[in-house]
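**Student:** just the structure for this:
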Amino acid sequence: MWKTVLFLLVTIIVIPVLAFTFDEPLGVAQKSVLMHLVIVYLVAAALCFTVSSISNNHSQVDKLWSILPMVYVWIICVESGFEPRLLLIAAVVSVWGIRLSYNFSRRGGYSLKFWSGEEDYRWPVLRSKPEFAARWKWALFNLLFISLYQLGLVLLITLPALKSMGGKPLGWADYILAVLIILLVIAETVADQQQWNFHKEKKSLKAGGGDLPDRFKKGFVDTGLWGMVRHPNYSAEQAIWIVIYFFSVSATGIWINWSVMGAILLVLLFWGSSNFSEAISSGKYPDYEAYKKRVPRFIPFL
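**Tutor:** You can find the predicted model right below:
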């Protein structure tokens, strides 16, 4: 596990350095906006680390995952003077963020006691591993990976909006990208709803007693979009931010620019996260290994 964490921590340093080195430097206005975004990021990371350390609930970052991107893109939009492309980006990111916040909320992620709420099932599993037996090791992991890395990634995935500042006039490509994002948000919504319906019905049947139907006995959803890929919500999430990157391409005409680093790092994070989730599922559900062999991870038919 530490190897994966160290790899991810190295990538979030190396990839941005390379990206900024080999592309056009930021303009004066972009540098000013970036400083404001970094201040928000550091404050959020410090708060998440402090609150999670005191409350022992390490899903504080999860609560901000869908909120901070909206904050970042609207800061960029406002400071750009409401450029049309940035207004469009802010609108589609807001649709994504509101939808994801609702899904997180109905699973018990938010609470009036902001430090509480449901904790991601993976953190207790990870905390119980021998390599985190020493409290200082978990505290270091919480600081470097959970707080700084994850929230740093949340900032990076929104930087195509910053790269788009002062770009070419809004064009037909931007509208196509916006439609693609909305379609991907719909796909993510369907995937989350299918999973929600499955577990809700499974829980209800268990509470009623008696034998479970065959499709519930295996314990995990493998129909609908989940019969096409093992993580349809993850697939849509990665695709959304990859598509958002192409707003910067439309604005600049540069196909590979420094704002691509967020999309690259997001794909790496979801690969590592899905590996960990699947290791837990394989140990919990006997049929999961067969499901892995039958159904692709992220891309249908691959």
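**Student:** for the nearest residue to P169 once chain neighbours are set aside, report the pLDDT, please.
**Tutor:** Nearest residue to P169, sequence neighbours excluded (CB to CB, 6 or more residues apart in numbering): P84, at 7.7 Å. For the C-beta atoms, the positions are set from N, CA and C on the backbone; glycine is no exception. In this model, P84 is scored at 98, pLDDT.
**Student:** might one say that P84 is in contact with K168?
**Tutor:** No. Assessed by CB atoms under 8 Å, P84 is found out of contact with K168, at 10.9 Å.
**Student:** where does this structure have low pLDDT?
**Tutor:** Scanning the chain with the threshold set as pLDDT under 70 gives 1-3, 5, 210.
**Student:** check which element follows the top helix by length along the chain along the chain.
**Tutor:** Determined from DSSP state H, the single longest helix within the chain is helix 172-208. Beyond helix 172-208 in the direction of the C-terminus, DSSP states H and E gives the next helix or strand as helix 214-217.
**Student:** for the very next helix or strand once past that following helix, packing partners?
**Tutor:** Counting by DSSP H and E, the next helix or strand C-terminal to helix 214-217 is helix 232-252. Where contact means 3 or more CB pairs under 8 Å, 6 or more residues apart in numbering; DSSP states H and E, helix 232-252 is packed against helix 84-106, helix 159-163, helix 172-208, helix 261-284.
**Student:** now find how far off-centre helix 232-252 is within its chain.
**Tutor:** Mean-position distance between helix 232-252 and its chain equals 12 Å (CA atoms, centre = their mean, to the nearest Å).
**Student:** between it and helix 261-284, how many degrees?
**Tutor:** Interaxial angle of helix 232-252 relative to helix 261-284 (axes from the mean of the first three to the mean of the last three CA atoms, to 10 degrees): 170 degrees.
**Student:** buried ones in the host helix or strand of Q30?
**Tutor:** Q30 belongs to helix 28-55 when assigned by DSSP H and E. Neighbour-count burial for helix 28-55, counted by 16 or more other CB atoms under 10 Å, picks out Q30, V33, L37, Y41, A44, A45, C48, F49, V51, S52, S53, S55.
**Student:** go on, stretch 153-172?
**Tutor:** For stretch 153-172, a neighbour-count test (16+ other CB under 10 Å) marks 153-165, 167, 170 as buried.
**Student:** closest to E118 among those?
**Tutor:** Nearest to E118 among the buried residues of stretch 153-172 is V154, at 19.6 Å by CB to CB.
**Student:** which element is the closest one on?
**Tutor:** Assigned by DSSP H and E, V154 belongs to helix 150-156.
**Student:** contacting residues around the residue lying closest to S147 once chain neighbours are set aside?
**Tutor:** Once flanking residues are discounted, S147 sits nearest to F49: 4.1 Å by CB to CB, 6+ apart. The contact partners of F49, taken as CB atoms under 8 Å, 6 or more residues apart in numbering, are N142, L143, I146, S147, L148.
**Student:** from those, which land in helices?
**Tutor:** Using DSSP H, none of these sit in helices.
**Student:** okay, these in TSV with neighbour count and distance to I242 next?
**Tutor:** Formatted as TSV, the contacts of F49 follow (neighbours: other CB atoms under 10 Å; distance: CB to CB, whole Å):
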residue	neighbour count	distance to I242
N142	21	29
L143	17	29
I146	24	24
S147	24	25
L148	20	23
